[in-house]
Structure formats: C-alpha cells, structure tokens
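Enquirer: after the sequence you'll find the predicted model.
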Amino acid sequence: MGHAAREAVGAIDQGTTSTRFIVFDRSGAILGQAQREHEQIFPKAGWVEHDAREIWRNTRTVMREGLVRAGLEPSDLSAIGITNQRETALLWDATTGEPLHNALVWQDTRTDRHVAALARDGGRDRFRALTGLPLASYFSASKLAWLLDHVEGAREKAEDGRALFGTIDSWLVWNLTGGEEGGLHVTDVTNASRTQLMSLATLDWDEGMLGVFRIPRAVLPKIVSSSAVLAETCDPFEGVPVAGILGDQQAALFGQTCFAAGEGKNTYGTGAFALMNTGPEPVASKAGLVTTVAYRIGDEAPAYALEGSIAITGALVQWLRDNLGLIRESSEIEALARSVEDNGGVYVVPAFSGLYAPHWRDDARGLIIGLTRYANKGHIARACLEATAYQTREVLEAMERDSGITLSELRCDGGMTVNDLLMQFQADILDRETLRPKVSETTALGAAYAAGLATGFWGGLSDLTDNWAVDRRWHPHLDAERRAALFSGWSRAVERSFGWVEDEA
C-alpha cells in the first residue's frame with residue numbers, strides 16, 4: 001500500500017515551552033493530540049537554555065500518546081512533518097548522540113557583545129543583503145560560535161565531523177531516523193535562513209559567513225526542501241517517512257495556505273509575527289523587516305517572505321493582570337475594554353524593552369499617555385488591546401512599502417484571536433478584512449501539509465487551499481476620518497516613547 005492511501009498525517013510541533021504531536025486527517029481536522037512541557041533553564045540573567053535530551057524524550061512520548069488518542073497505528077500515517085521553535089542552537093556528539101551542552105534558546109542574549117563587535121565594522125545591516133537578517137543575538141550563528149569557543153573539545157570535534165550542529169528540527173530528524181546508527185543530518189531552507197549562515201540567493205551555506213563566525217563546514221547539516229521525503233523513522237515509529245520541515249512562523253503561513261505573493265498572516269501570541277509571501281524573489285527591506293525563506297516544495301523554486309516581529313502583544317495583557325492587577329484572568333480584558341465606548345484619548349505604547357519592527361529603537365520605553373480625569377481602567381484596558389492592532393498596522397504598512405504589494409486581507413491565528421473586540425478593531429484600523437480560520441492550530445497543520453504533499457497524501461496546493469475555511473470574518477466599519485485620527489494619535493505616542501533611555505556614557 002502506498003503512503004498516499006493511508007488515512008492521516010502526523011505533525012511534531014516542538015515549541016519554546018512544550019512539544020506536541022497532532023494527527024490530522026485529509027480535511028485538516030484533528031484526530032488526536034498530546035502535549036508535554038519541558039524545563040526552561042536560566043543559568044544567568046539573559047541566558048536561556050533547554051535540555052535537548054528532555055525534548056527528544058518528550059517528543060517520543062507525545063508521538064506515542066497522540067497516535068493512541070487518534071486510535072491509529074504507525075502504519076496508518078502517510079508521513080510525519082516537523083515544525084520547531086526557530087534559531088535555538090545545539091551541538092551534539094555524532095558517535096554517542098549526547099548533546100555537548102544545553103541548547104541555547106532563541107531568546108538567549110549571551111552573545112550580545114560578540115554581535116556588537118561584528119556590527120562595529122560595517123553596522124548591524126552589513127550582512128542583510130546576503131542573509132536577509134540584521135546582526136542580532138537572536139539568530140543561530142553567534143550561538144554556534146559561542147558553543148564552539150566555550151565547550152571543551154567542541155571545535156576539534158566539529159572540524160572533523162565528530163560533532164554536529166543543528167536547530168531543533170535537525171536534532172529531531174537525526175534521532176527519529178537512527179541517531180548514531182546513521183541518522184540523517186539535515187535542516188530545511190526556512191530554518192537555515194534563520195542561522196545567518198545561509199545565502200538567500202544560493203540557498204547554501206555561505207563561505208564568507210562561515211569565515212566571519214569561524215564555523216567549520218563539517219559541523220553543518222545538509223540544507224533540504226521544506227516538503228520532500230527525507231528518510232523513514234526508526235524510533236519511536238518504524239517506517240513512517242519524515243517528509244516535511246518548516247520553522248514555526250513559516251509553518252503558520254503554510255497552514256494558512258498563503259501560497260500567492262501578497263497573502264499574509266499574523267500570529268498573535270506573547271509577541272506577534274506577521275509574514276507576507278513575496279513570491280519567488282527575495283525582497284530586501286528598507287523598512288526594518290527581515291527577509292526570509294517562506295518554504296520550498298521539492299525541487300521547485302523557493303517562495304520568500306517578509307517578516308515583521310512585534311515584541312509585546314499578549315504579554316501586555318499579562319502585564320495588566322500580573323503587574324497592575326486590573327484583571328484576574330487574561331480573558332477578562334475584553335469585557336473591561338467593552339465597558340467604554342472608545343479609548344477616551346488614551347494610548348499605551350508597550351516598549352518595555354525597546355521597540356522591534358519597524359522602529360528598532362532600544363532606547364524606547366513603555367508609556368501611557370493622554371490621561372485626563374475622565375480616563376478609567378476600561379480606557380487603559382482598551383488602549384492595551386488597541387496597541388496590538390496599531391503595531392500590526394505599522395508592520396503591514398512597512399511590508400507593503402518594501403514589496404509594492406497591497407495586502408487584500410489579513411489571516412489571523414494565535415491565542416489573542418479569540419478576542420472579538422481586538423479582531424474588529426484590527427479590521428477597522430487596517431481598513432481590511434481580518435479572518436480567523438476554522439483550524440486554529442495553523443503551525444502544526446502547516447508542517448502536516450508540507451509532509452503530506454511530499455507523499456501524495458494531498459495532491460497539490462489546491463487541495464490545501466480547498467481545506468482552508470473561515471471560522472469568522474470581521475469587516476472594517478470605521479470612517480476614514482476617525483481611523484486617521486486614531487492612528488495619528490498612536491504615531492505621536494510612539495514618538496514620545498523614543499529616547500527615554502539615555503546613553504549611559
């Protein structure tokens with residue numbers, strides 16, 4: 001029996017705080033799932049680590065549990081796809097399979113000084129044309145350099161291929177396909193594009209970048225397509241093909257079926273990530289966005305994307321709850337915000353540790369402005385929700401300026417999309433429709449789609465587009481004058497947040 005004739009596809013969703021396995025049927029509906037959290041390790045201020053062995057143990061556990069809950073056997077799966085927290089970096093021993101150190105998580109800032117030293121010679125954008133990325137400790141290259149310099153014997157092992165580097169997708173595929181008994185050492189183009197070591201033009205490791213970060217080529221995985229049959233699993237299932245890999249934000253774009261240039265999505269979580277498909281050519285950003293690979297299917301030309309990251313969205317609601325005590329549960333913010341007609345002239349700029357795209361101002365700090373005796377906690381709650389919509393508009397306008405493409409609608413996913421007031425205001429301030437899909441697990445679904453396409457479980461992109469269904473659609477109904485006035489107020493508030501942190505020198 002061919003893999004296409006089987007009845008389901010599995011997706012491993014390896015995130016920052018937990019690992020999940022979700023089984024989907026042909027319509028994209030969930031048949032079963034399991035989830036397990038892993039420990040967050042903070043050895044020093046600004047350092048964040050994960051135990052890669054714990055992540056692999058949890059992955060095996062949730063794969064078995066998720067399949068049992070779906071009432072299926074491994075032989076029922078056509079393929080397995082993987083989506084992962086991006087940029088988190090790991091080095092392990094090729095002969096024993098043991099990590100040489102904990103994984104350094106994307107949030108880890110221990111390499112700030114190294115990155116600042118590189119930026120002194122040519123600025124933060126010196127590698128942007130080649131890699132699509134500004135110099136930042138966020139990306140994997142400086143993390144790998146740190147491991148090679150600080151772990152005893154690591155550099156020698158790396159130079160002769162006895163140590164292997166990977167982002168979490170690489171670690172999982174290597175273990176799933178045999179580990180030290182011949183496991184496959186690969187990463188896909190989307191994850192590779194977040195290391196700062198890959199050329200956007202060639203989709204291969206760039207010798208010049210390897211020189212800058214002093215990385216031996218022998219330590220690096222082979223770069224493969226996001227949707228392609230890679231190898232069969234040995235553990236914990238026997239014989240199911242691993243056939244798809246996508247970094248988490250790209251997986252959400254894929255799960256939202258944004259396959260045409262100009263289609264985009266915004267994921268509303270702790271922060272927010274907006275991605276827009278820009279088609280077969282990478283678009284360089286002049287507006288503070290990142291250029292990244294969106295996906296690559298088989299031997300086809302890749303699709304590229306512009307990405308804008310917003311540091312604080314859902315985290316602002318948590319701050320209202322935990323720091324100010326205005327609400328007891330995050331879900332209460334909507335009712336509190338609805339207790340007033342509008343923001344009463346109040347704006348909240350959540351620049352708690354500076355502002356990301358499109359401003360990139362680390363001298364900015366948070367503010368609440370426009371207060372009068374009339375303002376109450378309802379206005380502050382509403383202003384907090386509105387801040388997410390204003391920040392999203394700034395990023396999407398930057399995307400449109402960079403790409404010359406106008407976004408026709410915004411597909412939304414993530415935890416905050418349950419908030420109808422936010423979704424309506426997002427439509428109003430963008431003057432575009434905002435849509436929430438029926439399947440909210442778009443990240444895992446994207447990984448499943450990439451894998452199932454490769455095994456013929458789905459016939460083509462049109463099958464996936466046919467699956468996509470709207471749960472709810474919000475139409476803008478704010479008049480142009482009011483929209484302009486509200487956004488102008490936001491822009492003035494943002495400007496007043498700049499320059500608060502003075503140069504300590």
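Expert: Received the coordinates, thanks.

Enquirer: residues near R373, how many?
Expert: 5 (other CB atoms under 10 Å). Yep, even glycine has a C-beta here, placed from its N, CA and C like the rest.

Enquirer: so what pLDDT did it get?
Expert: Among the per-residue scores, R373 shows a pLDDT of 93.

Enquirer: excluding sequence neighbours, find me the nearest residue to the residue most central in space within the chain.
Expert: Within the chain, the residue whose C-alpha comes closest to the C-alpha centroid is Q249; the distance, by CA atoms, centre = their mean, is 3.3 Å. The shortest distance from Q249 to any residue that is not its chain neighbour, by CB to CB, 6 or more residues apart in numbering, is 4.7 Å, and that residue is F273.

Enquirer: ok, then the element right after the helix or strand that that neighbour is a member of?
Expert: Following DSSP states H and E, one finds F273 within strand 272-279. Moving toward the C-terminus from strand 272-279, the first helix or strand encountered (DSSP H and E) is strand 290-295.

Enquirer: next, the angle from that next one to strand 272-279.
Expert: Strand 290-295 and strand 272-279 meet at an angle of 70 degrees, taking axes from the mean of the first three to the mean of the last three CA atoms, to 10 degrees as the criterion.

Enquirer: checking R401 next. Helix, strand or coil?
Expert: With DSSP: H, G, I helix; E, B strand; the rest coil as the basis, the three-state label of R401 is helix.

Enquirer: A287 is in contact with that one, correct?
Expert: Yes: contact status for R401 versus A287: in contact at 5.3 Å, counting by CB atoms under 8 Å.

Enquirer: for the stretch 101-250 of the chain, what are the low-confidence residue spans?
Expert: Across the stretch 101-250 of the chain, no stretch falls below the confidence threshold (pLDDT under 70).

Enquirer: where do the strands sit along it?
Expert: When assigned using DSSP state E, counting those that start in this stretch, the strands of the stretch 101-250 of the chain occupy the ranges 103-104, 163-167, 186-188, 222-224, 227-232, 241-247.

Enquirer: if we compare the ones you listed, which one ends up closest to K438?
Expert: Between K438 and the strands of the stretch 101-250 of the chain, the shortest separation by CB to CB is 20.4 Å, and it involves strand 241-247.

Enquirer: and the closest one, what does it pack onto?
Expert: Contacting strand 241-247 under the criterion 3 or more CB pairs under 8 Å, 6 or more residues apart in numbering; DSSP states H and E are the following elements: strand 77-84, helix 168-176, strand 186-188, helix 189-192, strand 227-232, helix 442-454.

Enquirer: which parts of the helix or strand following the last one are buried?
Expert: Which is helix 442-454. Under the assignment DSSP H and E, the closest C-terminal helix or strand after helix 442-454 is helix 461-467. Along helix 461-467, the positions that meet the burial threshold by neighbour count (16 or more other CB atoms under 10 Å) are D463, L464, N467.

Enquirer: can you give me the pLDDT of the first one?
Expert: In other words, D463. D463 carries a pLDDT value of 92.

Enquirer: returning to what we had before: include mean neighbour count when you put the helices and strands packed on strand 241-247 into a markdown table, please.
Expert: Conversion of the helices and strands packed on strand 241-247 to a markdown table gives the following (neighbours: other CB atoms under 10 Å):
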| stretch | mean neighbour count |
| --- | --- |
| strand 77-84 | 30 |
| helix 168-176 | 27 |
| strand 186-188 | 27 |
| helix 189-192 | 28 |
| strand 227-232 | 20 |
| helix 442-454 | 31 |
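
Enquirer: can you pull the pLDDT of the residue nearest to Q249?
Expert: On the pLDDT scale, F273 is placed at 91.

Enquirer: run a quick neighbour tally on it.
Expert: By the other CB under 10 Å criterion, the neighbourhood of F273 contains 23 residues.
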